[in-house]
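J.: here's a sequence, model it:
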Amino acid sequence: MQKVWFKAALINLLIAAIMGAILRFAFVAEIPGFKFQYFLHGHSHVAMLGWVYLALFAFLIHSFLPAEKQKSKYYHRLFWSTQASVLGMLIAFPLQGYAAFSIVFSAIHVVLSYLFILRFLKDLRLTIKAPSIGAITNKDTSIRSVFSHKFIRASFWFLIVSTIALWAMGPIMALDLKGTAWYYSGVQFYLHFQFNGWFIFAVLGLFFKILEDKGIVLPPKLMQNFFILLVISCVLTYALAVTWSTPLPILFLINSVGVTIQFAALVCFLLIIKRLWKELKSFFPKWVGVFFTVAFGCFVLKILIQTAVVVPYIGTVGYTIRNFVIGFLHLMLLGMITGFLLGFGAQKDMINRQDKWVRIGFVFFLIGFFLSELILFGQGLLFWGAMGFIPKYYEILFGVSVLMPVGIGGILLGKKQN
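T.: Residues are numbered from 1 along each chain as shown. Next up is the predicted model:
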């Protein structure tokens, strides 16, 4: 069942990637009747809620719940109801942007996510209490699973917190505050706690679950410090998102404290990986290792970039040059999150990594991602230095963007795992 769900999520990723390529083509040639902002909303919602959310939905159930729970009709109905809400957003957003129908479908998705969290946590608690095969005692089972479970529970809390901004959108629109600081602060609140909270903590929880299942003993003190520091930094670093409208020194100070704590969390993470390096190298097949390396390499780079904004001038440049903002979001969504999810799918045999079309798809996707990031950040640096445009910038960016949907199409064309 989870393989079918993951394939549906991959199709959503393909749709989002095609939409992304169209958005970049809009700078190359005029598209009659094309509403860029509306289409952008559709692209982002399908990518985040259709691809990442549903892939995590499938992987969390597959990894944390026993077989009988995985086959539950409740989850089956919940998945396809959520997919229906994504299709509604796919149609509504390009036609009307944030308006009645798109807000309704978004609200349905939020309510369904609450239902998923409540049922999943209930089933997870029952799973922990039940003796597992090979476990000495129930207490032993809890100890082995404590770190992955902590990250997953934290990810759910951040998901719930992020949706506060969505519920606020109705009153904001009703009060005619669209385009104001309130509106953009709400959007940034949602994006921040989705990306830095729900997505990243869920990915880390899944990663640590793989290690726990393989019997790898995670260093308790480092893991606890990593978790606490990352939670605190996630809350504090939202401050940078509101400095564009309210550039108060106190907000820069809060963000500086946040990214410093986040850097300390990174040090803990790297120490954990260093301790486990020999075991990690021997556990993962080639393509799984490639994608996990890309994912966590982007995670490290993401924190280093955010650490640089301790300098207020760099922070101001970071959120005012659009190329840096888009490049940074894609570094997280395509590099870390999507990179990990593709690697996880291959690890769990939901992607047939032996199939030639899949391997070709992997290569095209990675080339498209790396070239896109190189061009976006390169052009951002040129803007920063007042050095103008890369020749044929929009044409080149569109060209490399096409490689990503081609790559995802290749992955979908692959034969089923035997």
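
J.: low-confidence ranges, the stretch 301-418 of the chain, go.
T.: Low-confidence segments of the stretch 301-418 of the chain, defined by pLDDT under 70: 312, 315-316, 319, 417-418.

J.: now do the stretch 151-300 of the chain
T.: The low-confidence ranges in the stretch 151-300 of the chain, as defined by pLDDT under 70, are 244-245.

J.: ranges for the helices of the stretch 251-400 of the chain?
T.: In the stretch 251-400 of the chain, the helices defined using DSSP state H, counting those that start in this stretch lie at 286-308, 312-320, 322-330, 339-347, 356-384, 393-413.

J.: TSV for these, including mean neighbour count?
T.: In short, each C-beta sits where N, CA and C put it, glycine included. Below are the helices of the stretch 251-400 of the chain laid out as TSV (neighbours: other Cβ atoms under 10 Å):
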stretch	mean neighbour count
helix 286-308	18
helix 312-320	16
helix 322-330	17
helix 339-347	26
helix 356-384	19
helix 393-413	20
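
J.: which one, of those helices, ends up nearest to residue 124?
T.: Judged by Cβ to Cβ, the one of the helices of the stretch 251-400 of the chain that comes nearest to residue 124 is helix 339-347, at 18.4 Å.

J.: just checking, residue 256 touches residue 314?
T.: No: checked against Cβ atoms under 8 Å, the pair residue 256 and residue 314 is beyond contact range at 11.1 Å.

J.: helices and strands around the host helix or strand of residue 89, which ones?
T.: Assessed by DSSP states H and E, residue 89 sits inside helix 73-96. Packed against helix 73-96 by the contact rule (3 or more Cβ pairs under 8 Å, 6 or more residues apart in numbering; DSSP states H and E) you find helix 2-25, helix 36-45, helix 53-64, helix 100-129.

J.: and of these, who's closest to residue 171?
T.: Residue 171 sits nearest to helix 100-129 of all the helices and strands packed on helix 73-96, at 11.4 Å, using Cβ to Cβ.

J.: how far does the closest one sit from the chain's center?
T.: Offset of helix 100-129 from its chain centre (Cα atoms, centre = their mean, to the nearest Å): 17 Å.

J.: does anything pack onto that helix? Which helices or strands?
T.: helix 53-64, helix 73-96, helix 138-174.

J.: let's see it at 10 Å
T.: helix 36-45, helix 53-64, helix 67-70, helix 73-96, helix 138-174 (3 or more Cβ pairs under 10 Å, 6 or more residues apart in numbering; DSSP states H and E).

J.: most tightly surrounded among those helices?
T.: Highest mean neighbour count among the helices and strands packed on helix 100-129 (mean count of other Cβ atoms under 10 Å): helix 53-64, with a mean of 23.

J.: quick check on residue 284: phi, psi?
T.: Phi and psi for residue 284, reported as degrees, to the nearest 10, are phi -100, psi 130.

J.: wait, it touches residue 296, no?
T.: No: Residue 284 lies out of contact with residue 296 (Cβ atoms under 10 Å); the separation is 11.8 Å.

J.: which residues do the two both contact?
T.: Both residue 284 and residue 296 are contacted by residue 343, under the criterion Cβ atoms under 10 Å, 6 or more residues apart in numbering.

J.: what about stretch 299-319, distance to the chain center?
T.: When distances are taken as Cα atoms, centre = their mean, stretch 299-319 is centred 19 Å away from the chain's centroid.

J.: measure residue 60 to residue 94 for me?
T.: Going from residue 60 to residue 94 by Cβ to Cβ, to the nearest Å gives 30 Å.

J.: what do you get for residue 255?
T.: Residue 255 is 34 Å from residue 94, by Cβ to Cβ.

J.: what separates the closest residue to residue 355 other than its chain neighbours from residue 275, distance-wise?
T.: Leaving aside its chain neighbours, residue 355 sits nearest to residue 414 (3.8 Å; criterion: Cβ to Cβ, 6 or more residues apart in numbering). In this view, residue 414 and residue 275 are 35 Å apart by Cβ to Cβ.

J.: rewinding a little: nearest to residue 48, out of the helices of the stretch 251-400 of the chain?
T.: Here helix 322-330 is closest among the helices of the stretch 251-400 of the chain (Cβ to Cβ), at 10.2 Å.

J.: tell me the gap between that closest one and the middle of its chain.
T.: Worked out by Cα atoms, centre = their mean, helix 322-330 lies 14 Å from the chain centre.

J.: what is it packed up against?
T.: Going by 3+ Cβ pairs under 10 Å, 6+ apart, helix 322-330 lies up against helix 286-308, helix 312-320, helix 356-384, helix 393-413.

J.: which residues are contacting it?
T.: Residues outside helix 322-330 that contact it (Cβ under 10 Å, 6+ apart) are 20, 44, 47, 191, 195, 298, 301-302, 305-306, 317-319, 321, 335, 338, 369, 372-384, 393, 397, 404.

J.: what's the angle from it to helix 286-308?
T.: For helix 322-330 against helix 286-308, the angle by axes from the mean of the first three to the mean of the last three Cα atoms, to 10 degrees is 130 degrees.

J.: okay, the angle between helix 322-330 and helix 36-45?
T.: Using the same axes, to 10 degrees: helix 322-330 against helix 36-45 is 20 degrees.

J.: follow-up on the earlier one: so for residue 414 and residue 275, which residue has more residues nearby?
T.: Ranked by neighbour count (other Cβ atoms under 10 Å), residue 414 and residue 275 place residue 414 first, with 19 against 15.

J.: list the contacts of the more buried one.
T.: So residue 414 contacts 351, 352, 353, 354, 355, 356, 357, 358, 359, 360, 361, 362 (Cβ under 10 Å, 6+ apart).

J.: ends of stretch 212-231, what's the gap?
T.: Using Cα to Cα, to the nearest Å, one end of stretch 212-231 lies 21 Å from the other.
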